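# Show me how the following folds:
(one chain, ligands or ions: 2)
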Amino acid sequence: MAGGHRLLLENARQVVLVCARGERFLARDALRSLAVLEDASLVVGIDGFIKAIGPGDAIQKQFSEETFQERIDCTGKCILPGLVDAHTHPVWAGERVHEFAMKLAGATYMDIHQAGGGINFTVERTRQASEEALFSSFRQRLGCMMRAGTTLAECKSGYGLNLETELKMLRVIERARRELDIGISATYCGAHSVPKGKTATEAADDIINNHLPKLKELGRNGEIHVDNIDVFCEKGVFDLDSTRRILQSGKDIGLQINFHGDELHPMKAAELGVELGAKAISHLEEVSDEGIAAMAAARCSAVLLPTTAYMLRLKQPRARKMLDEGVIVALGSDFNPNAYCFSMPMVMHLACVNMRMSMPEALAAATINAAYALGKSHTHGSLEVGKQGDLIIINSSSKEQHQESPFGKQVPQHILLH
Ligand SMILES: N=CN[C@@H](CCC(=O)O)C(=O)O
Ligand SMILES: [Zn+2]
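Ligands and ions are numbered 1, 2, ... in the order given. Predicted structure coming up:
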């Protein structure tokens, strides 16, 4: 007979809280060591929220008269918050394997983009795909992310560019949000590339005059729920002026600004993001010193994407400088047809090796700080009483093994979402 509480996780070797005082993000010295309880237990209530965390014997005493729908013996194991992936492009059709060969032969991302490949190749395939087919592949991809420990993922549109296909993608994301056991933060990314036959200014006008009013209407009717607005601010894609106009219009209809900036060329995108009150800016391989200082002061988070720099052989984003200056650093997989990585443990590992982040910095960046980038760190990203009981159990006695061994031991034994 069900009753009392949803779940008791008993006697874990470590419960990695990440933070324990209601912090909305971790930066500077707070990243030196994360909050961890040894030999601890955790209780999730029927409503899916965490009710208690503490020493195993204390929890046992406190809940000795209570009943649980499920109990898991976590002896020798480690409990972590579910991982948060702050940047993904997971809805699309068609493969771009041929472009990998072109890149290995020396073509750059922009060479391929300017020749009509890259994003625009995927746009053609995605426009042709049925909504059902898009949902089916999306569901499989989300399943892979979950199996690697992701419990909340930001998911972008952006392979439609026209209103019809952007809405098709957003409906697919909305369906997943309602039907699947994974948290989703939905992002409208209709300015991911300039559609064929249009200039950036014309594309921006179309978005501002046609796409955004429709999103507002559908949001008001409860048909789709969009959290963020994104633009690919890049030389040869959307310039600073078009980016500003689109992001401001998105903000005016209540969306959080969370966009691609300073990736391949220095654009002063970070400075623009701060001016507009952006919640997050992704990539930042080419961010200026002034941009870093402005982001730190404005608490605008940097979503760093180690798979992109690796795949495209770009210079690494200056994670160390950002961290030392107090920027709120988050991580994302950037899952897309050009960077096919589902795994946040692999992303943390690359962040440590290639971007020289410490293990606590990488774990905070994949939990509380990623949740902050999505405006969800009041409910996600740490194990604290009152937060959502999204957590993973790894068959290892310390959290470090999760990052050190991304090729094997990273697969969580249990993934629990509430
Ligand atoms: N840079 C722009 N967007 C993606 C790539 C998308 C694609 O190539 O399909 C990124 O974040 O890496
Ligand atoms: Zn991206």
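# Could you report the neighbour count for C300?
23 (other CB atoms under 10 Å). Quick note: C-beta positions are derived from backbone N, CA and C, even for glycine.
# hmm, I was thinking of G277
When neighbours are defined as other CB under 10 Å, G277 has 13 of them.
# try K251
K251: 16 surrounding residues under other CB under 10 Å.
# That one falls within a helix, correct?
Yes. Counting by DSSP: H, G, I helix; E, B strand; the rest coil, K251 is part of a helix.
# List the contacts of it.
Listed by CB atoms under 8 Å, 6 or more residues apart in numbering, the contact partners of K251 are 229, 257, 276-277.
# Buried only: go through these for me.
229, 257, 276 (16 or more other CB atoms under 10 Å).
# who's the second one bridged to?
With DSSP bridges applied, the residues forming beta bridges to I257 are I229.
# Contacts only, for it.
I257 makes contact with 228-229, 247, 250-251, 273, 276-280, according to CB under 8 Å, 6+ apart.
# coming back round to it: tabulate the buried ones among the contacts of K251 in JSON lines, adding columns for pLDDT and distance to ligand 1.
Output for the buried ones among the contacts of K251, formatted as JSON lines (pLDDT from 0 to 100; distance: CB to the nearest ligand atom, whole Å):
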{"residue": "I229", "pLDDT": "99", "distance to ligand 1": "15"}
{"residue": "I257", "pLDDT": "98", "distance to ligand 1": "16"}
{"residue": "L276", "pLDDT": "98", "distance to ligand 1": "19"}
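# wait, doesn't L417 sit right on I184?
No. In this structure L417 lies outside contact range of I184 using CB atoms under 8 Å: 11.5 Å.
# Those two: who's more crowded?
Higher neighbour count among L417 and I184: I184, with 21 against 17, using other CB under 10 Å.
# Could you check how far the closest residue to that one other than its chain neighbours is from G273?
Leaving aside its sequence neighbours, I184 sits nearest to R177 (CB to CB, 6 or more residues apart in numbering; 4.4 Å). Distance, R177 to G273, by CB to CB, to the nearest Å: 26 Å.
# I'd like to know which residues of the stretch 301-418 of the chain are adjacent to ligand 1.
Counting by CB under 6 Å from any ligand atom, the stretch 301-418 of the chain comes close to ligand 1 at 308, 334, 336-339.
# Look at R177 and G273 and report which has more neighbours.
Neighbour count, other CB under 10 Å: between R177 and G273, G273 has more, with 32 against 17.
# Can you give me the distance of the more buried one to ligand 1?
For G273, the distance to ligand 1 (CB to the nearest ligand atom, to the nearest Å) stands at 15 Å.
# Three-state assignment for that residue, please.
Secondary structure state of G273, per three-state DSSP, is helix.
# hey, C-alpha coordinates of the helix or strand that contains P213 in PDB?
According to DSSP states H and E, P213 maps onto helix 212-220. Extracted C-alpha coordinates of helix 212-220, given in PDB (Å, rounded to 0.1, in the frame of the first residue of the first chain):
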ATOM      1  CA  LEU A 212       7.200  36.300 -31.900                       C
ATOM      2  CA  PRO A 213       3.500  37.500 -32.000                       C
ATOM      3  CA  LYS A 214       2.500  33.900 -32.800                       C
ATOM      4  CA  LEU A 215       4.600  32.500 -30.000                       C
ATOM      5  CA  LYS A 216       3.000  35.000 -27.600                       C
ATOM      6  CA  GLU A 217      -0.500  34.000 -28.700                       C
ATOM      7  CA  LEU A 218       0.200  30.200 -28.400                       C
ATOM      8  CA  GLY A 219       1.900  30.800 -25.000                       C
ATOM      9  CA  ARG A 220      -1.200  32.700 -23.800                       C
END
